[in-house]
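Asks: Sequence first, predicted coordinates after that:
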Amino acid sequence: MIVLATISNADEPPILLLAEASPFTLKADTSGSGGEATAFVEHLLAGAQQDYQLSFEPWKRAYLKAQTNPNVLIYPIARDATREEQFHWVGQLIPVAYYLFRLTARDDISINGLEDAKKWQMGVVNEHIHHQYLKDRGFENLQPVNSNYQNVKKALLGRIALFPMSDGGMMQLCSRDDLDCSSFKPVLKLDGISNGLYLAASSGSDQAMIQRLMASYQSLVSSGQHEETLSQRLLRIEEFNHLWPSESMAIEREPQ
């Protein structure tokens, strides 16, 4: 699905803006909730007077386009050392923490560190940061799918034992899709990829454009528009921390 923006800078061709369809990028048809990331990015682009073409695509396809073409924006994208030099990081949308989840009833699954998880079938979203993170650490029992929601359903059906997801992502799925959060339990925090979700520009993108985008981002942060637009997602993170205090689970830290 592609949404065309109004032309605001007619002398320049529109840039390609890529996102994966998710509760964070699309509003729900019934409640109208969600879509905060897209709302903020559109505010940012308007402030930069940048014309764009928005396309919602599966993450693997969107990520490949952003890796191989200049003047492409992608969001929300997790930032870590393996991606640092591949993109220009315009600005953080929200902080994020990733966890491995299991069904609460699956007491047979005991996870005290990442090595304990390797023997279990695990659902991942294709080429998401957690997929790359686990592949890099020798995981083989991975079942890639196209969305977090698919992994939740597969866990409920007993087809996978574990799945990684962010704090805010889990809470938003629970609220929007009538899932019972108490049916799931985070068992391991993936500290190495728990940094933030960003708007990023592809390598080789126009530097003047990037500077305009960064200036617009800072303006929205300073004015309070950033916090206001993303307040519901930030509230979800607070709800997660209240429901599952971090001290109740193991933390997989990156080696120093």
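Replies: Received the coordinates, thanks. Numbers count the residues shown, from 1 in each chain.
Asks: then the helix or strand harbouring His242 to CSV, C-alphas only?
Replies: For His242, the enclosing helix or strand under DSSP states H and E is helix 231-243. Listed in CSV are the C-alpha atoms of helix 231-243, where the atom choice follows Å, rounded to 0.1, in the frame of the first residue of the first chain:
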residue,chain,number,x,y,z
SER,A,231,2.8,9.7,24.4
GLN,A,232,0.6,6.6,23.9
ARG,A,233,3.5,4.4,22.9
LEU,A,234,5.6,5.7,25.8
LEU,A,235,2.6,4.9,28.1
ARG,A,236,2.7,1.3,26.8
ILE,A,237,6.3,1.0,27.9
GLU,A,238,5.4,2.2,31.4
GLU,A,239,2.6,-0.3,31.5
PHE,A,240,5.0,-3.1,30.5
ASN,A,241,7.5,-2.1,33.3
HIS,A,242,4.6,-2.1,35.8
LEU,A,243,3.3,-5.5,34.7
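Asks: which residues touch that helix?
Replies: Helix 231-243 is contacted from outside by 24, 33-34, 36-37, 94-95, 97, 167-168, 170-172, 175, 181, 227, using C-beta atoms under 8 Å, 6 or more residues apart in numbering. In short, each C-beta sits where N, CA and C put it, glycine included.
Asks: wait, which of the residues you listed is closest to Tyr75?
Replies: Nearest to Tyr75 among the contacts of helix 231-243 is Ala37, at 5.9 Å by C-beta to C-beta.
Asks: Mind telling me what element the closest one is part of?
Replies: In the assignment (DSSP H and E), Ala37 maps to helix 36-47.
Asks: Check which helices and strands the very next helix or strand once past that helix sits against.
Replies: Downstream of helix 36-47, the next assigned helix or strand under DSSP H and E is strand 52-56. With contacts taken as 3 or more C-beta pairs under 8 Å, 6 or more residues apart in numbering; DSSP states H and E, strand 52-56 sits against strand 2-4, strand 15-19.
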